[in-house]
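Chemist: I would like the atomic coordinates for the input below:
(2 chains)
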Amino acid sequence: MNFEDVLVQVFQPYFYYSVIALVVSFVCIKIVVKCCPFMGSRAKSLIYLVPIVAPLFVMLSFPPKTMIQAVSYRLIGSFSISAPQAPALFGPFHLMQPPLSQTITVVALSTNQIFSITGILCLTGLAIGGIYAVTTTMMGDWIASRLLHVINLDSNEYDWLQTEIAKISKKLSIQTPQIGLVEDLRPNAFTMGNGGKTKLVFTIGLLNILDKEEILAVASHELAHIKNHDFLFKALSNSLTAISFFNPLTYFAFFNSQREREMLADENGAKLLEKPESLANALTKITKALQSLPGEGRLIRVTSNLLVTSPIIHRPQILSGHPKINLRLKNISQLTSIKPKRPKSSKLIAAILLTCVIIVAGVATTYALVNLQSGYITCKIALTEAAYVKGVSTDLTGTHIILISSNLTFNPMFGQIYSLQDPNLQNIAPPNQALRNEMPNFNQNQTEYFTPQTSLANPGNGKSNEIAVHLYIDK
Amino acid sequence: MWSEAMTEEKKPEFSQYNLDGKALEAFLGPLESNIMEAIWGSKKTPITVREIYSALNKTKKIAYTTVMSTMDRLFEKSLLDRKIEKGRGGLYYVYWPKLGKQNFQKSAVREVLASLIGNFGEAVTSCLIEETNMEEGERKALREQLSKIKRNKN
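Modeler: From the prediction side, this is the model:
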């Protein structure tokens, strides 16, 4: 695979546009979030989804393909322009003397179908995302329950806990979840399921190390997850992440979003408690205990995507679905101390304006990068064998190639499109087999149509003294 | 902390003898005896609380936490041993019996008998001889055996 082949793969719109959309939107959102410190966790968690959703929209607009047309070319021969040939090449009415000293090199262009690696990547992502979305929303809780061996508590087990959870659920206006236990001695709690089938699971380790107040604080945090529909949120954002699984930035956006959901659950959970600091105590105890215990089991790691709360704390922060403990404690302490001040209106206006500027800059950058693609195709895929040809452009379908030369000067006013072979093309002179036969080394068996064109329209690099020579490829 | 295996040697503790109890239930509570039977009957050793819970639930509905606390009690009595194991699902206790079923019975009977002999001496010997139709040789051997137990006890 040569460099041009790599470019053809990368510049497929479904891949190139989706990557550009994700990268630009992620960078813009990071800046917006930094500039708006007063933005709430809910809003942050939602806008972090934008970079993950963008590739889906791109792929719906430009459906990925498994095969793409690649243009290949090879040198056929070259000929010098003689006086009798000039009208045929450059139109019968041209008044200017063509540069007879120039040698024109003819290349044969052909298209062939090749595997679209990027298309396969995108299709795989879409398939994984789709399967994941259906599986997790419909059976995620069942799968996680089976894999982690969740044991449902009877009504007489931990009855105080069940009573308290029912009370908190009532406060939150949600259905009381089923309570489950997992044998794991690592302290942790998580929720699974959505709608009326939610389950709140504690590990034995958590029940062993926390006191009643702290257990209730953890339960409030988990019930807040249920109230916020975080199981569904996580399932859908996981599915969207799977679509761009090949792009590392997707994971960063995903984990940023998950961390904000955790912060939101901390806030909502702590507000339900008489003593919000008990949640802080519980988190501190859990973190300490987890640090002294070995890393989570492989199964937990695999299934953590099915759970709202993941126990993984041994990951680098950037890849963790949980915020740092000190950030969480600070967030909770803010709830118990002074009420967060509303931002001044001037600051708010400045933030809104800045956000608008960033959005415009993002759109402009995307536009520029998308144009860079066509510019690159126009200018960079050069036919190096053809001495006079400066560049070649393609309209991506591979049926229309434009060779650009700056060596020929030509007055477009009097130009005419000529076809050497195709009689069906309108405004094109009849085929001039005689001329073609005169061309030295021209392969008579080639089916490509060689059509000099007078058009100077948008040759791609902004120079006006260039001539475009179109080669139409026989389909 | 977590890797600390709970293997401190401690003699199995038979703290009760129930006259109405059948088989193991003479020495253990009904659930304790069911758990011990399940552990001895299991092909997998060591075994987790959940596995015993699943096995027991097949015949009678029982709460997980009850099984867990009972197994914890059996561990405290040194009838079970346990350690923390790291598995795919996390860290959990795995249990195994300190004694095989035969040895357990023998040990429990010996404990009770030793206690009876220690307290009631000759009366236990006479009762045992009366309760069983023994030949003279067997009686003599039993007497010698009981005297030996008593000597050891003293």
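
Chemist: Chain B versus A:Ile325, what's the distance?
Modeler: Shown here: A:Ile325 relative to chain B, a distance of 20 Å by CB to the nearest CB, to the nearest Å. Every residue, glycine included, has its C-beta placed from N, CA and C.

Chemist: Near chain B, which residues of chain A are found?
Modeler: Selection of chain A residues close to chain B by CB under 8 Å from any CB of the partner chain yields A:147-149, A:151, A:153-154, A:156-158, A:181-186, A:203-205, A:292-294, A:296-300.

Chemist: Report the buried members of these.
Modeler: A:148-149, A:151, A:153-154, A:157-158, A:181-186, A:203-205, A:293, A:296-297, A:299-300 (16 or more other CB atoms under 10 Å in any protein chain shown).

Chemist: Keep only those of the residues you listed that are in strands.
Modeler: In this view, those that belong to strands under DSSP state E are A:151, A:181-182, A:203.

Chemist: out of the residues you listed, what pair is the most spread apart?
Modeler: A:Ile151 and A:Thr203 (11.1 Å; CB to CB).

Chemist: Tell me the residues that contact both of these two, please.
Modeler: A:181-183 (CB atoms under 8 Å, 6 or more residues apart in numbering or on different chains).

Chemist: any chance of those in TSV, plus pLDDT?
Modeler: Shown next, in TSV, are the shared contacts of A:Ile151 and A:Thr203 (pLDDT from 0 to 100):
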residue	pLDDT
A:Leu181	91
A:Val182	89
A:Glu183	88
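
Chemist: Quick check: closest non-adjacent residue to residue 12.
Modeler: Since you didn't name a chain, this refers to chain A. A:Thr118 (5.0 Å; CB to CB, 6 or more residues apart in numbering or on different chains).

Chemist: Can you look at chain B instead?
Modeler: B:Ser78 (4.8 Å).

Chemist: Need the per-residue pLDDT for the residue of chain B found nearest chain A.
Modeler: Per CB to the nearest CB, B:Gly90 is where chain B lies closest to chain A, at 3.2 Å. What the model reports for B:Gly90 is a pLDDT of 79.

Chemist: Check A:Ala350 too.
Modeler: 81.

Chemist: now swap in A:Ser145 and tell me
Modeler: On the pLDDT scale, A:Ser145 is placed at 84.

Chemist: Would you mind confirming that it makes contact with A:Lys197?
Modeler: No: between A:Ser145 and A:Lys197 there is no contact under CB atoms under 8 Å: 10.4 Å.

Chemist: of those two, who's got more company?
Modeler: A:Ser145 (22 against 13; other CB atoms under 10 Å in any protein chain shown).

Chemist: so which strand or helix has the more buried one?
Modeler: In this structure, A:Ser145 sits in helix A:117-148 according to DSSP states H and E.

Chemist: before we move on, what about B:Thr125?
Modeler: helix B:122-131.

Chemist: how far does that helix sit from the chain's center?
Modeler: 25 Å (CA atoms, centre = their mean, to the nearest Å).

Chemist: which is the next helix or strand following it?
Modeler: Criterion used, DSSP H and E; the element after helix B:122-131 is helix B:136-153.

Chemist: So, low pLDDT: which residues of chain B?
Modeler: Within chain B, the ranges that satisfy pLDDT under 70 run B:1-9, B:15, B:19-21, B:150, B:153-154.

Chemist: Those residues of it touching chain A, which are they?
Modeler: So chain B meets chain A at B:1-2, B:48-50, B:53, B:63-66, B:68, B:84, B:86-93 (CB under 8 Å from any CB).

Chemist: and if we set it to 7 Å?
Modeler: B:1-2, B:48-50, B:63-65, B:84, B:86-92 (CB under 7 Å from any CB of the partner chain).

Chemist: Leaving out the residues flanking it, which one is nearest to the residue in the stretch 151-300 of chain A that chain B sits nearest to?
Modeler: At 3.2 Å from chain B, A:Asp184 is the closest residue in the stretch 151-300 of chain A, using CB to the nearest CB. Sequence neighbours aside, B:Gly90 is the residue nearest to A:Asp184 in space, at 3.2 Å (criterion: CB to CB, 6+ apart).

Chemist: and the gap between the residue nearest the centre of chain B and B:Leu79?
Modeler: For chain B, B:Phe104 is the residue whose C-alpha lies nearest the centre (CA atoms, centre = their mean; 4.9 Å). Separation of B:Phe104 from B:Leu79 (CB to CB, to the nearest Å) stands at 7 Å.

Chemist: tell me the contacts of the residue at the greatest distance from the centre of chain B?
Modeler: The C-alpha centroid of chain B is most remote from B:Glu136, which lies 33.0 Å away (CA atoms, centre = their mean). Applying CB atoms under 7 Å, 6 or more residues apart in numbering or on different chains to B:Glu136 gives no contacts.

Chemist: Kindly report the same for the one 3 residues further on.
Modeler: B:Arg139 makes contact with B:Ile129, according to CB under 7 Å, 6+ apart.

Chemist: burial count for the residue of chain B closest to chain A?
Modeler: 26.

Chemist: Also A:Thr355?
Modeler: 19.

Chemist: So for it, what pLDDT did the model give?
Modeler: 83.

Chemist: go on, A:Tyr367?
Modeler: pLDDT at A:Tyr367 comes out at 81.

Chemist: In terms of helices and strands, where is it?
Modeler: Using DSSP H and E, A:Tyr367 falls in helix A:345-380.

Chemist: Give the other helices and strands that that helix contacts.
Modeler: helix A:13-35, strand A:389-394 (3 or more CB pairs under 7 Å, 6 or more residues apart in numbering or on different chains; DSSP states H and E).

Chemist: follow-up on the earlier one: okay, now the residue nearest to B:Pro12: neighbour count?
Modeler: Counted with other CB under 10 Å, B:Ser78 comes out at 15.

Chemist: Quick check: A:Asn228 touching A:Ala265?
Modeler: Yes: using CB atoms under 7 Å, A:Asn228 makes contact with A:Ala265 at a distance of 6.5 Å.

Chemist: Out of these two, name the residue with the larger neighbour count.
Modeler: A:Ala265 (26 against 19).

Chemist: dump the residue contacts of the more buried one.
Modeler: Contacts of A:Ala265 (CB under 7 Å, 6+ apart): A:221, A:224-225, A:228, A:230.

Chemist: Which residue, other than its chain neighbours, is closest to it?
Modeler: A:Ala224 (4.3 Å).

Chemist: can the contacts of A:Ala265 go into TSV with extra columns for secondary structure and distance to A:Gly269?
Modeler: Below are the contacts of A:Ala265 laid out as TSV (DSSP: H, G, I helix; E, B strand; the rest coil; distance: CB to CB, whole Å):
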residue	secondary structure	distance to A:Gly269
A:His221	helix	4
A:Ala224	helix	4
A:His225	helix	8
A:Asn228	coil	10
A:Asp230	helix	12
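
Chemist: Can you give me the domain boundaries for the chain?
Modeler: If you meant another chain, say so; for now it's chain A. Following automatic domain parsing, one gets these domains for chain A: A:73-115+A:383-472, A:139-239+A:259-336.

Chemist: wrong chain, I was asking about chain B
Modeler: According to automatic domain parsing, chain B comprises the domains B:23-98, B:103-153.
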